[in-house]
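J.: here's my sequence, what's the structure:
(one chain, ligands or ions: 1)
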Amino acid sequence: MADSKPNLFSSFRTHDPRLEPIAEKVLAEKRLSFDEGVLLYRTTDVLAVGWLANSVRERLHGDLTYFNVNRHINHTNVCVAACRLCAFGRKKGDSNGYTMTLEEAWRTAASGYSEAVTEFHIVGGLHPDLPLEYYLDLIAGLKERFPKVHIKAFTMVEISFLARRAKISIEETLIKLRDSGLDSLPGGGAEIFDTEIRSVICDHKIDGNEWIDTARIAHNLGFKSNATMLYGHIESDEHRVDHLMRLRNLQDETGGFQTFIPLAFHPENTPLSHLPVTTGLTDIRQIAVSRLILDNFPHIKAYWQMLTPKIAQISLRFGADDLDGTVIEEKIYHDAGATTPQGMTRKELCRLITEAGRVSVERDTLYHAVTRTEDSFTVAV
Ligand code: V47
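T.: As a prediction, this is how the structure comes out:
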């Protein structure tokens, strides 16, 4: 039978012949190897890499581009870890440390609430004293007050820390959180899995294997989660590919990841402040390479808060199909020198998407389309 698919390979152009076999594989939906991943980072033909990533993005999603209406809540910046990558955490007793009471956290959830949010994104420091009950009550109180809002909370690093402090297993911790109303997990804390790099940028955190093991347990319990990678500090191209391949392997096993979010390192106010910030092409290439290596991840997010709205918009033509959300109040990158706005409206997000020639779709956390009538919403399941 004649193949009805258009012959995309005949449209592929590159000045780097090493990309041709890679293009053949990508267009035949075959998996890329470690060395091919490294080459995607090294070639000077970023446009060809972007073209390939865009072909995958359009095969999976056409022009559809997702965003959500969410609110970030960072309940505490007090942290026992002292990661060199971080400008947000404070030691217990530091005059700039803060920890919200439960009432404050619930009030924060309701504040800046100009549009009905569909997601609370909650992450914070590894607080030495807060008991597991604080986290269970935080979630239960939010569910009681905002029953329709999806709660995406606590990185794998936080989950592992809570379990250790409560002296129960990760599985038990996640079950307790689920019983209180936790719906899914964000992708933070992954940084770079390589042990040597981790020992420099975040030596107090769980190691890469523990991050993967925690995600596996969460997925096996039925939770969806995201995954991130922090790039643009001291890692090499090989470390990046290794990180992406470890995520790809776990996704083969569990299918629990929804979205991959590359996070550009912001050095300001961190112990690594001597490092330069990433450039636009590095950011755009990272999006494209992620799309090409993570062939089993449904979505690649260009997190506008991190990348700037301009770079995030361009990324929609280089492999990304998601911009994240309205966010409303962001602390982690703004403490590290981000100059992006603290939030965006639905209208602003839609404009970025439309002007990129894409079709905007408001989604909930699990990628169901959301239909709105003024301040209420319904979700298509
Ligand atoms: O884990 C911390 C990173 C992450 C800095 O799952 C920094 O939908 C850059 O994971 N420069 C938290 N990055 C944020 C996160 C996230 C964001 C948006 C969406 C989702 C999602 C998850 O931020 C941390 C760490 O990797 N981070 N400090 C810094 N100076």
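
J.: which parts of the protein sit against the ligand?
T.: Applying CB under 6 Å from any ligand atom, one finds that the chain approaches the ligand through 85-87, 123, 155, 186-189, 191, 226, 228, 230, 261, 263, 265-266, 270, 303, 324, 332-333, 336. Bear in mind the C-beta positions are built from the backbone N, C-alpha and C, glycine included.

J.: the residue in the stretch 1-150 of the chain that the ligand sits nearest to and Phe9: what is the separation?
T.: Of all residues in the stretch 1-150 of the chain, Cys86 sits closest to the ligand, at 4.5 Å by CB to the nearest ligand atom. With distances taken as CB to CB, to the nearest Å, Cys86 is found 44 Å from Phe9.

J.: any idea how the chain splits into domains?
T.: As given by automatic domain parsing, the domain ranges for the chain are 4-60, 63-379.

J.: re the thing from before, for the residue of the stretch 1-150 of the chain closest to the ligand, which non-adjacent residue is spatially closest?
T.: Thr270 (6.2 Å; CB to CB, 6 or more residues apart in numbering).

J.: again, but for Leu8
T.: Per CB to CB, 6+ apart, closest to Leu8 is Leu27, 5.1 Å.

J.: quick one: secondary structure of the closest residue to the ligand within the stretch 151-300 of the chain?
T.: As assessed by CB to the nearest ligand atom, the ligand sits closest to Gly188 within the stretch 151-300 of the chain, at 2.5 Å. Three-state call for Gly188 (DSSP: H, G, I helix; E, B strand; the rest coil): coil.

J.: and it, how far from Val157?
T.: 7 Å.

J.: contacting residues for Gly343?
T.: Gly343 makes contacts with 112, 326-330, as judged by CB atoms under 8 Å, 6 or more residues apart in numbering.

J.: try it again with 7 Å
T.: Gly343 makes contacts with 326-329, as judged by CB atoms under 7 Å, 6 or more residues apart in numbering.

J.: please apply the same query to Leu177.
T.: Applying CB under 7 Å, 6+ apart, the residues contacting Leu177 are 135-136, 139.

J.: if we use 8 Å, what do you get?
T.: So Leu177 contacts 135-136, 139, 153-154, 159 (CB under 8 Å, 6+ apart).

J.: count the neighbours of Asn7 for me.
T.: Look at Asn7: counted by other CB atoms under 10 Å, it has 9 neighbours.

J.: return the set of buried residues in stretch 301-319.
T.: Residues of stretch 301-319 classed as buried: 301-309, 311-319 (neighbour count, 16 or more other CB atoms under 10 Å).

J.: give me the beta-bridge partners of Ala227?
T.: Beta bridges link Ala227 to Phe260 when assigned by DSSP bridges.

J.: could you report the neighbour count for it?
T.: By other CB under 10 Å, neighbour count at Ala227 equals 31.

J.: pick out the residue nearest the middle of the chain.
T.: Centroid-nearest residue in the chain: Ile261, 3.4 Å away (criterion: CA atoms, centre = their mean).

J.: next up, the contacts around Gly189.
T.: Per CB under 8 Å, 6+ apart, neighbours of Gly189: 155-158, 205-206, 211, 228.

J.: where do the strands sit along the stretch 151-300 of the chain?
T.: 225-231, 257-264, 299-300 (DSSP state E, counting those that start in this stretch).

J.: looking at those strands, which is nearest to Leu130?
T.: strand 225-231 (22.0 Å; CB to CB).

J.: helices along the stretch 251-381 of the chain, start to end?
T.: 280-293, 304-307, 309-315, 346-355 (DSSP state H, counting those that start in this stretch).

J.: before we move on, back to that, I'd like the contacts of Gly189 laid out as a markdown table, including pLDDT, neighbour count and distance to Val38.
T.: As requested, the contacts of Gly189 are exported to a markdown table (pLDDT from 0 to 100; neighbours: other CB atoms under 10 Å; distance: CB to CB, whole Å):
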| residue | pLDDT | neighbour count | distance to Val38 |
| --- | --- | --- | --- |
| Thr155 | 98 | 26 | 28 |
| Met156 | 98 | 27 | 26 |
| Val157 | 98 | 23 | 27 |
| Glu158 | 98 | 24 | 32 |
| Lys205 | 93 | 23 | 26 |
| Ile206 | 96 | 22 | 27 |
| Trp211 | 98 | 26 | 22 |
| Thr228 | 98 | 22 | 20 |
